[in-house]
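**Q** what's the 3D shape of this:
(2 chains)
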Amino acid sequence: MPEKSMKLTDLKEGQKGIIISILGGRSVTQRLTDMGLTPGTEVKMLRKGHWGPVEIFVRGSNLALGYGVATKILVKVKE
Amino acid sequence: MKKITIALAGNANVGKSVIFNHLTGLHQHIGNWPGKTVERAEGTLFHEDFTIDIIDLPGIYSLSTFSIEELISREYIAKEKPDVVINVVDATNLERNLYFTLQLLELGRPMVVALNQMDLAEKKGVCINIKKLQKILGVPVVPVIAIRGKGIHELVHEAITLLETGYKKPKMEYGKEVEEEIQKLTKSLNKVDLDYPKRFLAIKILEGDEEIKKLIKKVDPKILKIAEKHAKNLERTHGHNRFTIIASERYKVANEMVKDCVTLGVCKFKYTDKLHTITTHPLWGYLIMILLVISLFYLIFTFGNFFSDILVESFMSLQPIFEQNFGRGILSELSWGLVEGLFAGITIVLPYILPFYIILGFLEDSGYLSRIAFLMDNLMHKIGLHGKAFIPLMLGYGCNVPACLGCRIMETQRERLIAIFVTTLIPCAAVTTVILGLVGKYVGLTWALSLYVINLVIVFILGRIAFRVFPGESTELIMEMHDYRMPDLKTVTKQAWFRIKDFIYIAFPLIIVCSFIIKVLDVTNLSESIENLMKPITVDWLGLPTFSGIALIAGIPRKELTLIMLASHGGTTNFGAILTPVQMIVFSLVTMLYIPCIATIAALIKEIGWKKAMFITVFEIAFAIFVGGIAFRLLTL
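**A** The predicted structure is shown next:
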């Protein structure tokens, strides 16, 4: 991917991003895509602790993701 | 009388069980799916001249193979072929719910969509064009407000009409490229005869679903080769893996539907948003949580103590009446032992466990527990679990039995095992009465509270070791955070009842039998020889008096019995006169850790099997004795 990609956890609170891809094994990827985190989807970072879980807004509702799993989601910033 | 079956399916937390309760009332049967530790709720509805069997399927987000719940659901619908599937959909969260609806449609059973929480959607400013949605989906859509019982009758009516007029399978199409591959594959499946519809099979093989691939392999392995070619084609053109492609397609369709049918207005929900922000705040969130949990415990145990004192007194006043009727002899004393066992169970359930679970149920139903799970995720991670595991842990402070069963919310076997293990170390209400009645009363509240802190540290350390020892991958928190809502009293009381029922059915008989055995030991003076046998441990290693031996044994059926036995064998209820403060602390510490009580052991066997249950039991006994001895030596330095 030539686009400037970053981890979901690199988004600042309030910032929006577009999902590029998900790294990681089948079961994690399957679960995340089942929850609507498919490539091209817009997400908004709502809350982010230092190491704690993150909370994002995606497809009309809020989703909590563990920190580890959140780092596996690659996004590009939506201006 | 016609007999039909209706299955309820939908995401977690969409009000499915509220609808189930409305439909079935008291005609319910809760059991397990055969051979699985997944709850199966079934009930009966008598409607006009129909006897309707209603199955409440587990709340899931997809029909893949991620969890046992997903497998059970799809196998049930495909194999048992319920006459109608009612898909409960959360109107406030339409897109993610429709993603599941699309998958259910692929299973080909007649379907009705229950669009629930219409009131909340309206307040959120979400306006749904139901007629349009119905037209696009091709199945009846019924607006429902389950907690107020609105739309339930219409739902049943639609389901029956569907059966009587015949169901026309709606035609769903995905994007051109994917759709072409699906249709080609469906054609090559022409001669395959399995329980699942061909289109469903085709999509699943394209996705790379292992279970379905196994089925197909048995019938016609050539098809898998063709499918592999198709899937590779798709992966090349889309640049993503196969199941991501299919999921994206489904979401695209769901998204289009939402765009077509939903108009967004003004959200009138400002205060729930604020509440959400503050309860997940990195500082205020934790403060609120700690305050709330502490006041919850304080309230429960002050109220509980007061209430249980009254209960105990009234039970005690029954003893003379009992003796008047049955005389005073060994036999009468033994049968009084049985009665006592029953009473003891009641004096724990009514004052402590019931209110605890009702309040916890309110927090759960309102959505607050998922905020706690969010806040605790980081910490729980250190012991290989994620935030959701904190919920059964909290249940453990009431009673370990429902807490063990509550560990089913964890996704994998390994996480269930670790969660169950740490849950059995949590001091339940009965242990708390011992700690408060002994250390709290005679040594001081600070020491009593320290015991809880020590307990948490131990839970943390042992959990971390278990995390290292038990093999397997851990999953991470992926959890929907629903808007806060008013808890529904009926749902809450029912949930509390189910949890307590676990305790009553598993624990009560065991408690009564074991209390009886203890009584026999007591009456026959066997207890003295047991006490002497235990001397090397109780006296030499733990520094406790000889008579504490039988008290510790008595804790096996129920932990609060330790206190009663201490009193009867020490000859006084003034524990200050028979035990030193150090002895009280050591005794409470051992009681807190040494064994999951007999009822919890039974629950463990049910959930994780004999071997692991025995391992945990033996380990905890050894560990408690070890820690008790160390504490004794440290405190008498």
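
**Q** count the neighbours of the residue of the stretch 451-600 of chain B found nearest chain A for me.
**A** Nearest residue of the stretch 451-600 of chain B to chain A, counting by C-beta to the nearest C-beta: B:Glu476, 3.3 Å away. Placement of C-beta: from N, CA and C, glycine included. A total of 22 residues lie near B:Glu476 under the criterion other C-beta atoms under 10 Å in any protein chain shown.

**Q** quickly find the element holding it.
**A** For B:Glu476, there is no helix or strand it lies in under DSSP states H and E.

**Q** which residue, other than its chain neighbours, is closest to it?
**A** A:Gly66 (3.3 Å; C-beta to C-beta, 6 or more residues apart in numbering or on different chains).

**Q** contacting residues for the one you found?
**A** A:53, B:377, B:381, B:386-387, B:476-478 (C-beta atoms under 8 Å, 6 or more residues apart in numbering or on different chains).

**Q** hmm, try it at 7 Å
**A** Contacts for A:Gly66 (C-beta atoms under 7 Å, 6 or more residues apart in numbering or on different chains) come out as A:53, B:377, B:381, B:386, B:476-477.

**Q** quick check, nearest of these to B:Cys399?
**A** B:His386 (23.5 Å; C-beta to C-beta).

**Q** report the secondary structure state of B:Gly472.
**A** When classified by DSSP: H, G, I helix; E, B strand; the rest coil, B:Gly472 comes out as coil.

**Q** find the nearest non-adjacent residue to it, please.
**A** Sequence neighbours aside, B:Arg414 is the residue nearest to B:Gly472 in space, at 3.8 Å (criterion: C-beta to C-beta, 6+ apart).

**Q** helix, strand, or coil at B:Ile54?
**A** strand.

**Q** please apply the same query to the one 5 residues further on.
**A** Following three-state DSSP, the label given to B:Gly59 is coil.

**Q** hang on, it packs against B:Ala9?
**A** No - in this structure, B:Gly59 is not within contact of B:Ala9 by C-beta atoms under 7 Å, at 8.8 Å.

**Q** of those two, which one has the most company?
**A** Counted by other C-beta under 10 Å, B:Gly59 and B:Ala9 do not tie: B:Ala9 has more neighbours, with 29 against 18.

**Q** which helices and strands does the host helix or strand of the more buried one pack with?
**A** Taking DSSP H and E as the definition, one finds B:Ala9 inside strand B:2-10. Here strand B:2-10 touches helix B:16-24, strand B:50-56, strand B:84-90, going by 3 or more C-beta pairs under 7 Å, 6 or more residues apart in numbering or on different chains; DSSP states H and E.

**Q** list of residues touching the longest one?
**A** Helix B:16-24 is touched from outside by B:8, B:10, B:41, B:43-45, B:54, B:56, B:59, B:88, B:114, B:146-147, B:149, B:152, B:488, B:490-491, B:494, with contacts defined as C-beta under 7 Å, 6+ apart.

**Q** next secondary structure after that helix?
**A** Of the helices and strands lying after helix B:16-24 in sequence (DSSP H and E), the nearest is strand B:28-32.

**Q** buried residues, the helix or strand just after that next one. List them.
**A** With elements assigned by DSSP H and E, the helix or strand that comes after strand B:28-32 is strand B:39-47. Using 16 or more other C-beta atoms under 10 Å in any protein chain shown as the burial criterion, the residues of strand B:39-47 that qualify are B:40-45.

**Q** turn the residues you listed into JSON lines, including distance to chain A and pLDDT.
**A** Below are those laid out as JSON lines (distance: C-beta to the nearest C-beta, whole Å; pLDDT from 0 to 100):
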{"residue": "B:Arg40", "distance to chain A": "23", "pLDDT": "89"}
{"residue": "B:Ala41", "distance to chain A": "23", "pLDDT": "90"}
{"residue": "B:Glu42", "distance to chain A": "27", "pLDDT": "93"}
{"residue": "B:Gly43", "distance to chain A": "28", "pLDDT": "93"}
{"residue": "B:Thr44", "distance to chain A": "33", "pLDDT": "94"}
{"residue": "B:Leu45", "distance to chain A": "31", "pLDDT": "94"}
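
**Q** no further questions, thank you.
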